[in-house]
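K.L.:
Fold the following, please.
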Amino acid sequence: MPNPNRFSETRQRILSAAIAVFSRKGYHDAKVDEIVEESQTSKGSVYFHFPSKEKIFLALVDEITEKLTARLMSAVQAETSGVQKVRAALRTCLDTFSQYRALAKIVLVQSMGAGNLFVKKRQEVYGHFASIIQIYLEQGMADGDIPPLDAEVTAIAWLGAINELVVRWVTTDQPDLQRALPALEAMLLRSVGVLAPFPVPAPITEASAQVIAFHLPLPTIDFLACLRRFPQLPKCYLAHDSADPTERFVMVGFGELTRITAEGHGRFQQIRQQVEALLSNAINLSERDMSYPSPRLIGGLSFAPHTAHGIWQDFPSALFTLPAFCLTQENNHTWLTVHALQSADQPISREHLRQQALSLSQQIAQASQAGVPLPSQNYAQWQSSQTRAEWDSQVQAIRQQISKGHIQKAVLARVGKLTAERDFDTVRALQNLQNRYPACYRFLFSFSPESAFLGATPELLCRVQGDELFTEALAGSIGRGADATEDQELATQLLTSSKDQHEHAFVVDSIRRRLKGYVESLTFAKQPQLRKLNNIQHLHTPIRARLAPHIHLLDILAELHPTPAVGGTPREQALPLILQIEPQARGWYAAPVGWLDGQGNGQFFVAIRSAVVQRNQATLFAGAGIVADSDPQREWNETELKFQPMRTALQAM
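P.N.:
Down below sits the predicted model:
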């Protein structure tokens, strides 16, 4: 019996020889005898496998078709959305043609003049790959990532563009396919109303790498509608409303031009060094030569140094990104910023950035006009990770440590889980939070399609502008009343509560002591005020200071975080205790999130009243300050109040 392995090896040797001969001579001039000589087989063996030169040529077309199809199926299998599959298919096509250049030349160039049989075969191959692209485009439309269009015609047009690029490359060596991929991807995705994701480059190693920011003024826009417009991009969102429009702040970053990360207890200093290195020589450009802030990084840190895993897999101990582009509203002005990195051998022109900004501004205008869809209820099942008995035991364990004099206060966090009928809509949740809690600092961080961390916190950790520092103490809480009379009674109860006053004083005193040595002056009210939110009211003391020379925002963050409002007193004894007792890693919960620039300006919030969302699963966090006379029932009720904003926002979709 013939050896099947030897049979296959001979056939493959003949095809490899045919590729070499066809590449040198072309189909018409190539002779079977040359293929016989190149393959080092007999003429009989060649004709046994392939009765004619035509059959050899058709077999080569089938081979690259099979290779490309197998690679496409493997590449898209790991992707979930239609847009991601389209992008994976595009990358795989160019990678395969790059690897099998000679085959690509035979299929795409030489088959054009090889007769009707080959024209028919070529059309069959084109139809095969066009149908694959069409399937993924249709899935993108079903996902809502691509607006309605004729997917069949679009797939044919896409294939034509890919073909033209590859034909030019195999015949002239230009342009290099890997260099051309980002531009081709952006063009094709833009043709179906999708902005191509900005690639995240390798860590910046050149000291000469320079950040350039181009700013374009915009009219008033719907930031949340824009947030929905680019679902395939990593995104960061920070917002704070005010009755005074000049004090309203919104910042939305899309994509990642680059990112910086840090681990361990020295992460604050590591981030400072990397930020200063990245932005030390940044260039600011604008459309109308107006004055704009220098480039800003957006991100956050974990509550304590940790290994990112589980629900916090995408959130390391410290992560800040320079967005590919950013939308900002500040001081009653709105603008778009496009960022780029240039080096001495790869300069970037102002006009290039300007055209990119103008193109983005058109998509932003379209998204803003579309708005955010009307809400619909998304029913979800609620489950607390701790039973009442477990909570009572944890509160009692902290009180025992207080009674022994080891600590004075510790903040104990609860975790709850929502499981919904369908995936949570994080943009709609932000809209709900904006409507109900406009005075809170709202945030969202989504570094992968599968996970987002969002919330609406009442607590500013610190804001630095030049040498001015603003911070606050927020501790001591009670609910809101059903009417004005009851609300006032509850407010009076909070203001006269020795437990809450005691708890609040811990925070004020801790901030004051920790800022000593970092500031030249510090002022604050002697008595706390009330900070009233939709469903809860807090004791609140604003604090203002003037920084000492050479003190950086990150120096202040490292000293203040975590405040006794989310950690405990003394910090060194309280933190190990709560991290040991709590059932779930805090991750970025109760940690600093915000923005900063290369001059040390920035603003950070304490990420409480928050949740991690993963498709139809949401993990919510809420904490309560435990002191000597804390009542477990009352503290449980307080955490229920603090869960309410995110529970309502996520379910009222």
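
K.L.:
contacts and neighbour counts: CA atoms only from here.
P.N.:
Noted.

K.L.:
and Ile398, what does it touch?
P.N.:
Ala410, Leu577, Ile626 (CA atoms under 8 Å, 6 or more residues apart in numbering).

K.L.:
got a winner among those for most neighbours?
P.N.:
Ranked by the number of neighbours (other CA atoms under 10 Å), the contacts of Ile398 place Ala410 first, at 31 neighbours.

K.L.:
Quick check: it is in a strand.
P.N.:
Yes - counting by DSSP: H, G, I helix; E, B strand; the rest coil, one finds Ala410 located in a strand.

K.L.:
Any stretches of the stretch 301-450 of the chain with poor pLDDT?
P.N.:
Filtered on pLDDT under 70, the stretch 301-450 of the chain yields the residue ranges 373-377.

K.L.:
For it, which segments count as strands?
P.N.:
Here the stretch 301-450 of the chain has its strands, by DSSP state E, counting those that start in this stretch, at 318-322, 325-330, 333-342, 380-384, 409-420, 441-448.

K.L.:
What of the stretch 51-200 of the chain?
P.N.:
Going by DSSP E, counting those that start in this stretch, the stretch 51-200 of the chain shows no strands.

K.L.:
What ranges does it have for its helices?
P.N.:
Taking DSSP state H, counting those that start in this stretch as the test, the helices found in the stretch 51-200 of the chain are 53-77, 82-99, 101-108, 116-143, 151-172, 177-191.

K.L.:
weakest of these by average pLDDT?
P.N.:
When those are ranked by mean pLDDT, helix 101-108 comes last with a mean of 71.

K.L.:
Please, which helix or strand holds Gln232?
P.N.:
Using DSSP states H and E, Gln232 sits within no helix or strand.

K.L.:
I should have written Ala545 there, sorry.
P.N.:
Counting by DSSP H and E, Ala545 is part of strand 536-547.

K.L.:
Could you list the residues in contact with that strand?
P.N.:
467-480, 491, 494-495, 500, 504, 508, 518-525, 527-532, 641-642.

K.L.:
So which of these are in helices?
P.N.:
Assigned to helices by DSSP state H, the following of the contacts of strand 536-547 qualify: Ala491, Leu494, Leu495, Asp500, His504, Val508, Leu641, Lys642.

K.L.:
Check those residues against Glu37 and report the nearest one.
P.N.:
Of all these, Glu37 sits closest to Lys642, with 80.8 Å by CA to CA.

K.L.:
right, and that closest one touches Arg609 too?
P.N.:
Yes - distance between Lys642 and Arg609: 6.2 Å, which falls inside the contact criterion (CA atoms under 8 Å).

K.L.:
out of those two, which sits in the more crowded spot?
P.N.:
Legend: neighbour count by other CA under 10 Å for Lys642 and Arg609, higher for Arg609 (27 against 23).

K.L.:
what separates the more buried one from Ser477, distance-wise?
P.N.:
13 Å (CA to CA, to the nearest Å).

K.L.:
show me what contacts Phe453?
P.N.:
By CA under 8 Å, 6+ apart, the residues touching Phe453 are Phe443, Leu444, Phe445, Ser446, Ser610, Ala611, Val612, Val613.

K.L.:
For the nearest residue to it once chain neighbours are set aside, give me its contacts.
P.N.:
Of all residues beyond its chain neighbours, the one nearest Phe453 is Val612 (4.5 Å), with distances taken as CA to CA, 6 or more residues apart in numbering. Contacts were defined as CA under 8 Å, 6+ apart; by that measure Val612 touches Ile311, Ser451, Ala452, Phe453, Leu454, Ala618, Thr619, Leu620.

K.L.:
In a markdown table: those residues, plus secondary structure and distance to Tyr126.
P.N.:
Formatted as a markdown table, those follow (DSSP: H, G, I helix; E, B strand; the rest coil; distance: CA to CA, whole Å):
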| residue | secondary structure | distance to Tyr126 |
| --- | --- | --- |
| Ile311 | helix | 43 |
| Ser451 | strand | 37 |
| Ala452 | strand | 39 |
| Phe453 | strand | 43 |
| Leu454 | strand | 45 |
| Ala618 | strand | 44 |
| Thr619 | strand | 47 |
| Leu620 | strand | 50 |
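
K.L.:
so which of the strands of the stretch 301-450 of the chain gets nearest Ser191?
P.N.:
Smallest distance to Ser191 across those (CA to CA): 19.6 Å, for strand 325-330.

K.L.:
thinking again about what came up before, let's have the helices of the stretch 51-200 of the chain in TSV, adding mean neighbour count and distance to Leu327.
P.N.:
Formatted as TSV, the helices of the stretch 51-200 of the chain follow (neighbours: other CA atoms under 10 Å; distance: least, CA to CA, whole Å):
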stretch	mean neighbour count	distance to Leu327
helix 53-77	17	32
helix 82-99	20	23
helix 101-108	20	42
helix 116-143	17	25
helix 151-172	16	31
helix 177-191	16	19
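
K.L.:
Serialize the ones you listed to CSV and add fields for distance to Ala367.
P.N.:
Listed next are the helices of the stretch 51-200 of the chain as CSV, based on distance: least, CA to CA, whole Å:
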stretch, distance to Ala367
helix 53-77, 28
helix 82-99, 18
helix 101-108, 39
helix 116-143, 16
helix 151-172, 22
helix 177-191, 14
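
K.L.:
Mind checking these for the one nearest to Gln633?
P.N.:
Nearest to Gln633, of all those, is helix 116-143, at 44.9 Å by CA to CA.

K.L.:
Quick check, Ala130 in contact with Leu159.
P.N.:
Yes - the pair Ala130 / Leu159 is scored as a contact, 6.5 Å apart, by CA under 8 Å.

K.L.:
Which one of the strands of the stretch 301-450 of the chain lies nearest to Leu596?
P.N.:
strand 318-322 (9.2 Å).

K.L.:
Give me the buried positions along the closest one.
P.N.:
Within strand 318-322, the residues that count as buried by 16 or more other CA atoms under 10 Å are Ala318, Leu319, Phe320, Thr321, Leu322.

K.L.:
Next, count neighbours for the closest residue to Ile536 other than its chain neighbours.
P.N.:
Excluding the flanking residues, the one nearest Ile536 by CA to CA, 6+ apart is Gly479, at 4.3 Å. Neighbourhood size, Gly479 [other CA under 10 Å]: 20.

K.L.:
what's the distance between Gly479 and Phe621?
P.N.:
Gly479 is 18 Å from Phe621, by CA to CA.

K.L.:
Equivalent analysis for Ser448, please.
P.N.:
From Ser448 over to Phe621 (counting by CA to CA), the distance is 21 Å.

K.L.:
what's the answer for Ser446, then?
P.N.:
18 Å.

K.L.:
Which of the two has more residues huddled nearby?
P.N.:
Shown here are Ser446 and Phe621; by other CA under 10 Å, Phe621 has more neighbours (24 against 21).

K.L.:
rewinding a little: quick one: which of the contacts of Val612 is nearest Asp487?
P.N.:
Proximity of these to Asp487 was ranked by CA to CA; the top entry is Leu620 with 26.8 Å.

K.L.:
contacting residues around the residue nearest to the closest one when sequence neighbours are not counted?
P.N.:
Counting by CA to CA, 6+ apart, Ala611 is the residue found nearest to Leu620 once chain neighbours are left out, at 4.3 Å. Contact analysis of Ala611 by CA under 8 Å, 6+ apart lists Phe453, Leu454, Gly455, Tyr589, Ala618, Thr619, Leu620, Phe621, Met646.

K.L.:
In three-state terms, label Ala611 for me.
P.N.:
Put simply, Ala611 is strand when judged by three-state DSSP.
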